[in-house]
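Asker: Predicted model follows, preceded by the sequence.
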Amino acid sequence: DTAVSQTPKYLVTQMGNDKSIKCEQNLGHDTMYWYKQDSKKFLKIMFSYNNKELIINETVPNRFSPKSPDKAHLNLHINSLELGDSAVYFCASSHMGQGHGYTFGSGTRLTVV
Amino acid sequence: GDSVTQMEGPVTLSEEAFLTINCTYTATGYPSLFWYVQYPGEGLQLLLKATKADDKGSNKGFEATYRKETTSFHLEKGSVQVSDSAVYFCALSDLGSQGNLIFGKGTKLSVKP
């Protein structure tokens, strides 16, 4: 059983389109996250959700919106895609609080053409 | 704010060589420290962690010791293998980061046979 699964693994789309990436975790964790990894491998946190509430929101364009239907899911919706959105997006989950490591999904490689 | 600085890569070593990847941190409180590894085409995996000063984390032959006096958490391995080729990320979790993980920029390791 995959602990954190995200779909799709690859996504190629045209500028201006709207797309979604899904994430599910079966670990019973109370917090889920979305990270963006650029071409230089730098990881930047985008969102985290705890008990269905957004608890952090970094300087991310409002074209990106997280949606959490329940504790086990955190989907990422992206409107009006731009070339600069091309990256690998990782979902992760953990128990709330420091000292707890994250479990990551295998990533979604988004390419905007 | 909290931050993590790790040595620039890429690092290229021959099989059985000794590995050190330096990592230093800045934090407002008493952070927990982590090393993650990302193999090609995969998500991040927790390699080891330490939650308080002088703790040593270890896994798969890798070790890192939490040094509060030097604010460091250097990763070491006595004899690397080709299969260790990956990108290594140092990270911290702290009250100042609301318990969220702050990552360094990653160090790419290539091990040649």
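Answerer: Arrived safely, thanks for sending.
Asker: contacting residues around the residue lying farthest from the centre of chain A?
Answerer: Within chain A, the residue lying farthest from the chain centre (CA atoms, centre = their mean) is A:G99, at 21.3 Å. With contact taken as CB atoms under 8 Å, 6 or more residues apart in numbering or on different chains, A:G99 is in contact with B:S32, B:K49, B:T51, B:S93. Where C-beta positions appear, they are placed from N, C-alpha and C, glycine not excepted.
Asker: Centre-most residue in chain A?
Answerer: Geometric centre of chain A, nearest residue: A:W34, 3.0 Å, by CA atoms, centre = their mean.
Asker: now it, what's its secondary structure?
Answerer: Going by DSSP: H, G, I helix; E, B strand; the rest coil, the secondary structure assigned to A:W34 is strand.
Asker: Report whether the expected contact of it with A:Y89 is present.
Answerer: Yes. Distance between A:W34 and A:Y89: 6.4 Å, which falls inside the contact criterion (CB atoms under 8 Å).
Asker: Give me the common contacts of these two.
Answerer: Both A:W34 and A:Y89 are contacted by A:M46, A:L76, under the criterion CB under 8 Å, 6+ apart.
Asker: Which elements pack onto the one helix or strand A:E24 maps to?
Answerer: Counting by DSSP states H and E, the element that carries A:E24 is strand A:19-25. In terms of contacts (3 or more CB pairs under 8 Å, 6 or more residues apart in numbering or on different chains; DSSP states H and E), strand A:19-25 is packed against strand A:4-7, strand A:10-13, strand A:31-37, strand A:73-78, strand A:87-94, strand A:108-112.
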